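In: okay, predicted coordinates and the sequence, questions at the end:
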Amino acid sequence: MRQSLAPYRLRSQRLVGPGLPDPVAVVRHLGAVQSQEHTTAPWSIGRRCGATLTQVLDALDVGRVVRTHALRTTWHHVHLDDLPLVVAAAGDRVMAQVVPHVRRQGVDEATLVASSEVVSAAVRDTPGCTRDVIADRLAAAGLPARGDVLAHVVMAAELRGEIAGRRDPGTQHRYHPVVLTPSPLDAQAARAWLAATYVRGHGPAGAADLAWWSSLTLTQARRALVDAGLHEVQVAGRSLWTDVDAGALESERVDVPPVLLLANFDELISHARDGDLRAEVGPRYDDVLGGVGILVLDGRLAGSWNRSVSAGRLEVTVRTDASLSPRHRSALDEEAQALATFHGLAEARVAAS
């Protein structure tokens, strides 16, 4: 059974159909690309534009694309020109998650703010520093400096748009100071911009999807979709929002490929509260996301995959309970070869279990 929204979402996601010209264009098209798994996040970007790992990492430099906590309380890649709008739209909502979290651990809001100011100063003084350097500065000031509280103190500085950074596979995240231009839009207009950007790269989608992705309230998400001038259409029996009218949407349907090998938190699944995706895996949903990547069969989440390199060849191991037809196996070989090319390897081999 095919995922009913796949012919539309795969196109807006640029996983099928016209690709994007380069990694920077991918990040701007999607608005924000989840990047907590720094070893696989580059594949989410490269998969949509045909770039290699080296090309993606070259594009993810401070000054164009930064890695920061912009939406929810997780890492995202965001273009620096878009960051002021993202902060204006959702920064207060994400902070509303940070404040009660640290309060439960004995840190009040005043201490959180003071600590985040020390963080910003430490990064300004030592551009490219790691979190260890920040922790030492906080400890010297007698402020919370370890564990989960440290992570959220640093996040508070990021949510004000004062620091951001990058993390390459196999390295630590390094922080750099950021000087944002003021947002040209007020909060309500920025939320409308965020809704339009989200639907362009993730639609068709509902208000609950936008609210989850952005941390907006459901009321704010509904208002933003209307303010953005988007189209409310019926798709597969659901009322969803798109950036084109119903006729144009149908004309842009794509054929759903038999197999996709995607990163484990690819925007195809991380952006939505889509019950169909979770139902396809059921109690193994968390197991699937625990792999290096997710296996998508005929548009539906169907398993996971891991990778290794042996003798200069990419070895891809797929785990799924689904029956793989000859068509699936042929497409799986093609996907694995694309992944090998991304990593600069000439050959790939696939094993399914």
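Out: That came through, no problem.
In: need phi/psi at L60.
Out: Note on L60: backbone dihedrals following degrees, to the nearest 10 are phi -90, psi 60.
In: next, the contact list for it, please.
Out: Neighbour list for L60: 23, 42, 45, 67, 77, 166 [criterion: CB atoms under 8 Å, 6 or more residues apart in numbering]. Just so you know, the C-beta spots here come from the backbone N, C-alpha and C atoms, and that holds for glycine as well.
In: and if we set it to 7 Å?
Out: Residues in contact with L60 (CB atoms under 7 Å, 6 or more residues apart in numbering) are 77, 166.
In: distance of it from G275?
Out: Note on L60: its distance to G275, by CB to CB, to the nearest Å, is 33 Å.
In: where do the helices sit along the stretch 251-353 of the chain?
Out: 267-270, 275-281, 285-289, 326-342 (DSSP state H, counting those that start in this stretch).
In: so what does the last one touch, helix or strand wise?
Out: Spelled out, that is helix 326-342. strand 259-263, strand 313-320, strand 347-352 (3 or more CB pairs under 7 Å, 6 or more residues apart in numbering; DSSP states H and E).
In: next one: the second one to chain centre, how far?
Out: Its chain's average C-alpha position is 23 Å from that of strand 313-320, according to CA atoms, centre = their mean, to the nearest Å.
In: which positions within that strand qualify as buried?
Out: Across strand 313-320, burial judged by 16 or more other CB atoms under 10 Å covers 314-320.
In: state the pair within those residues that is farthest apart.
Out: Pairwise distances across those peak at 18.6 Å for L314 and T320 (criterion: CB to CB).
In: low-confidence stretches in the stretch 151-300 of the chain?
Out: 271-274, 276-277, 280-281 (pLDDT under 70).
In: again, only using 80
Out: 270-291 (pLDDT under 80).
In: confirm Q234 sits in a helix?
Out: No. Counting by DSSP: H, G, I helix; E, B strand; the rest coil, Q234 falls outside a helix, being strand.
In: for it, which non-adjacent residue is closest in space?
Out: A246 (7.3 Å; CB to CB, 6 or more residues apart in numbering).
In: name the SS class of V78, please.
Out: Three-state call for V78 (three-state DSSP): strand.
In: stretch 22-36 - what's its average pLDDT?
Out: In this model, stretch 22-36 carries a mean pLDDT of 96.
In: show me what contacts V27?
Out: So V27 contacts 33, 45, 65, 77-79 (CB under 7 Å, 6+ apart).
In: over to it: give its phi and psi.
Out: The phi/psi pair for V27 (degrees, to the nearest 10) is phi -60, psi -40.
In: look through the protein and tell me its longest strand.
Out: strand 300-310 (DSSP state E).
In: so which of the buried residues of strand 313-320 is the closest to A336?
Out: Closest approach to A336 among these (CB to CB): V316, at 4.5 Å.
In: buried sites along stretch 156-174?
Out: Neighbour-count burial for stretch 156-174 [16+ other CB under 10 Å]: 156-168, 173-174.
In: now, among those, which is nearest to L85?
Out: Ranked by distance to L85 (CB to CB), those are led by G161 at 10.5 Å.
In: phi, psi of the closest one?
Out: phi 70, psi 30.
In: for the remainder of this discussion, apply numbering that starts at 7.
Out: Shifting the count to begin at 7 puts that one at G167.
In: from A96, how far off is it?
Out: 12 Å.
In: mind listing the strands for the stretch 107-256 of the chain?
Out: Under the criterion DSSP state E, counting those that start in this stretch, the stretch 107-256 of the chain contains strands at 169-172, 180-183, 237-241, 244-248.
In: just name the most buried of these.
Out: Of all the strands of the stretch 107-256 of the chain, strand 169-172 carries the top mean neighbour count, a mean of 24, counting by mean count of other CB atoms under 10 Å.
In: what lies in contact with it?
Out: 66-68, 72-74, 125-126, 129, 163-164, 179-184.
In: of these, which belong to helices?
Out: If you go by DSSP state H, these have 125-126, 129, 163-164 in helices.
In: buried set for stretch 334-347?
Out: Buried residues in stretch 334-347 (16+ other CB under 10 Å): 334, 337-338, 340-343, 345-347.
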